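K.L.:
missing the sequence, but the structure's below:
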């Protein structure tokens, strides 16, 4: 199921919001909240960061709603805002965590040791996802979890279709290698 | 004099200088002694030459708040001093402190001093703080410095301050929604001989998907 | 190693994708927080004729008109830029000599405290706390500022420096944590 199903209903709600009915935005939030949540949690690996990113994306979309050129395409447009928010959030967290790891090498060793104890498959997926380059992770999630076409992905991310295909390929290769290391394949 | 007495004299002078300047502004007490001396010298020079000393003090205090190492604080204040001096050379002796601070930001980000001078000419009787800030803000957002300067200069003769801020906001929204920064800023109006070209780039809506 | 079509998922990657497609539920109060924030913003106004012209102007095109009409169009464009500002938070250009109240907002649903630190309070970490409304997650404070340009940032929970996502970045990241800039117009 691609994002943006129920496009005419979205368009009605968008028009109502633009006409001054702010409460109508609640319908759009309810419709897209879970889809955005799924992508944000998978991309950021942290529920708190994901909640902030989703909340921020909805608020930015509301503020910028007059600039949504096609109300029927509200879904993909909103998703593009979320992808950008996640990139910002990830960059900020990566900067923070680099500082922490630099100062506390002991905690890094402890984290590595504890992953060897994980047994749950889903926990291993999270572990492997975290070790993907963020651009590869983003491409994999957009293509194989959110089921976007490469054209839609190109519009959201600003990257070319061939570059995106390469990223998805690399993501799959890396996941195969990482998950093989945990002897689950 | 012996080396020891020279060193003692130098230390004593430095201490006196630091005490004098520190005595003038108690906020500098938040700096460690070595940093305080270096910053105090710059603050003193700025006051003597009519540059906004407050901006230098603020930058030092920011470094202290963020627990930056002393060399970084000193380097930041030194760089700011140089940028303020260049901004004053470009904008003229009558430039106000906010104009100099905004101009220094723009210069630091790569806007040429000549663009600042041109802006002064185009908006001779108006404060330049907002226009300079918009130049700096757009550049900080990723618009190439030349493009940001050109866009502001193109609009300098016709926009009020509140309209400049609206222009900046619209460019920022385009960038936020995915338009490359340079394209977002090229909503500039070029008045050429007999032609009006509007070159407004927008993110547009996503293209309808082609199923693979 | 052998080549694969990037759209073909193997056993492992297919299982990964299937697992990741499962629904994720966030805090149920998220909807309410979004709507609390949204209803605090200016209501959208119906797009009038000027707004439609603004949308038309934003599309790429080339026109050739007489110089006189060009000047008139430039004046019209300047007016439209000003009108467009009303869709968002208004710009801060106060009357001469006054301090302008400037509102600083941050969305931080998990924070226990948020402080505003910047040029206007000598970068004193404890001077300007933000307050959170009943709905939670949205922190705010209003500060009267004289005309000028101010660098600032938020400090979350006493230790995490965060720039303002809705403000232009400050030119330098020289101290290891980015700051933001607010410009207040008007004459001194």
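P.N.:
Structure's in. What do you need? Keep in mind it's a predicted model, so treat the numbers as computed, not measured.
K.L.:
pLDDT score for residue B:38?
P.N.:
On pLDDT, residue B:38 comes in at 89.
K.L.:
Doesn't it belong to a helix?
P.N.:
Yes. Under DSSP: H, G, I helix; E, B strand; the rest coil, residue B:38 falls within a helix.
K.L.:
thinking it is in contact with residue B:74, fair?
P.N.:
Yes. With contact defined as CB atoms under 8 Å, residue B:38 counts as touching residue B:74 (4.7 Å). To be clear about C-beta, it is placed using only N, CA and C from the backbone, and glycine gets the same treatment.
K.L.:
Mutual contacts of these two, please.
P.N.:
Common contact partners of residue B:38 and residue B:74 (CB atoms under 8 Å, 6 or more residues apart in numbering or on different chains): none.
K.L.:
okay, now the domains of chain A?
P.N.:
A:1-103, A:105-185 (automatic domain parsing).
K.L.:
for those, which one ends up most surrounded?
P.N.:
domain A:1-103 (a mean of 19; mean count of other CB atoms under 10 Å in any protein chain shown).
K.L.:
do it and chain B meet at all?
P.N.:
Yes. Counting by CB under 8 Å from any CB of the partner chain, chain B has neighbours in domain A:1-103: A:2, A:60, A:64, A:67-70, A:73, A:76-77, A:80-81, A:84.
K.L.:
which residue packs closest to residue A:160, ignoring adjacent ones?
P.N.:
Spatial nearest neighbour of residue A:160, chain neighbours left out: residue A:154 (6.3 Å); criterion: CB to CB, 6 or more residues apart in numbering or on different chains.
K.L.:
quick one: contacts for the one you found?
P.N.:
A:160-161, A:164.
K.L.:
What segments of chain C are strands?
P.N.:
C:100-107, C:114-118, C:128-129, C:131-132, C:138-145, C:148-156, C:160-162, C:180-184 (DSSP state E).
K.L.:
Tabulate those strands (a markdown table), appending mean neighbour count and distance to chain B.
P.N.:
Shown next, in a markdown table, are the strands of chain C (neighbours: other CB atoms under 10 Å in any protein chain shown; distance: least, CB to the nearest CB, whole Å):
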| stretch | mean neighbour count | distance to chain B |
| --- | --- | --- |
| strand C:100-107 | 17 | 12 |
| strand C:114-118 | 23 | 6 |
| strand C:128-129 | 16 | 12 |
| strand C:131-132 | 14 | 21 |
| strand C:138-145 | 18 | 11 |
| strand C:148-156 | 24 | 4 |
| strand C:160-162 | 17 | 7 |
| strand C:180-184 | 24 | 4 |
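K.L.:
Make JSON lines out of these and add mean pLDDT and distance to chain A.
P.N.:
Shown next, in JSON lines, are the strands of chain C (pLDDT from 0 to 100; distance: least, CB to the nearest CB, whole Å):
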{"stretch": "strand C:100-107", "mean pLDDT": "87", "distance to chain A": "6"}
{"stretch": "strand C:114-118", "mean pLDDT": "95", "distance to chain A": "13"}
{"stretch": "strand C:128-129", "mean pLDDT": "93", "distance to chain A": "20"}
{"stretch": "strand C:131-132", "mean pLDDT": "87", "distance to chain A": "14"}
{"stretch": "strand C:138-145", "mean pLDDT": "89", "distance to chain A": "9"}
{"stretch": "strand C:148-156", "mean pLDDT": "92", "distance to chain A": "11"}
{"stretch": "strand C:160-162", "mean pLDDT": "90", "distance to chain A": "7"}
{"stretch": "strand C:180-184", "mean pLDDT": "88", "distance to chain A": "13"}
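K.L.:
Compare these and give me the one nearest residue B:46.
P.N.:
strand C:148-156 (16.3 Å; CB to CB).
K.L.:
List of residues touching the closest one?
P.N.:
By CB under 8 Å, 6+ apart, strand C:148-156 touches B:58, B:62, B:97-98, B:101-102, B:105, B:129, B:133, C:104, C:106, C:108, C:111, C:113-120, C:125, C:130, C:161-164, C:170, C:177-184.
K.L.:
who does that strand pair up with?
P.N.:
strand C:114-118 (antiparallel), strand C:160-162 (antiparallel), strand C:180-184 (antiparallel) (DSSP bridges).
K.L.:
Turn those strands into JSON lines, including distance to residue B:87.
P.N.:
Below are the strands paired with strand C:148-156 laid out as JSON lines (distance: least, CB to CB, whole Å):
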{"stretch": "strand C:114-118", "distance to residue B:87": "21"}
{"stretch": "strand C:160-162", "distance to residue B:87": "27"}
{"stretch": "strand C:180-184", "distance to residue B:87": "15"}
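K.L.:
moving C-terminal of the helix or strand of chain A with the lowest mean pLDDT, what's the next helix or strand?
P.N.:
Ranking every helix and strand in chain A by mean pLDDT, DSSP states H and E puts helix A:105-115 at the bottom, with a mean of 43. Next in sequence after helix A:105-115, counting helices and strands by DSSP states H and E, comes helix A:121-130.
K.L.:
list the helices and strands the helix or strand just after that next one packs on?
P.N.:
As assigned by DSSP H and E, the chain's next helix or strand after helix A:121-130 is helix A:134-140. Counting contacts by 3 or more CB pairs under 8 Å, 6 or more residues apart in numbering or on different chains; DSSP states H and E, helix A:134-140 is packed against helix A:25-44, helix A:74-103, helix A:150-157, helix A:161-181.
K.L.:
No further queries at this time; thank you.
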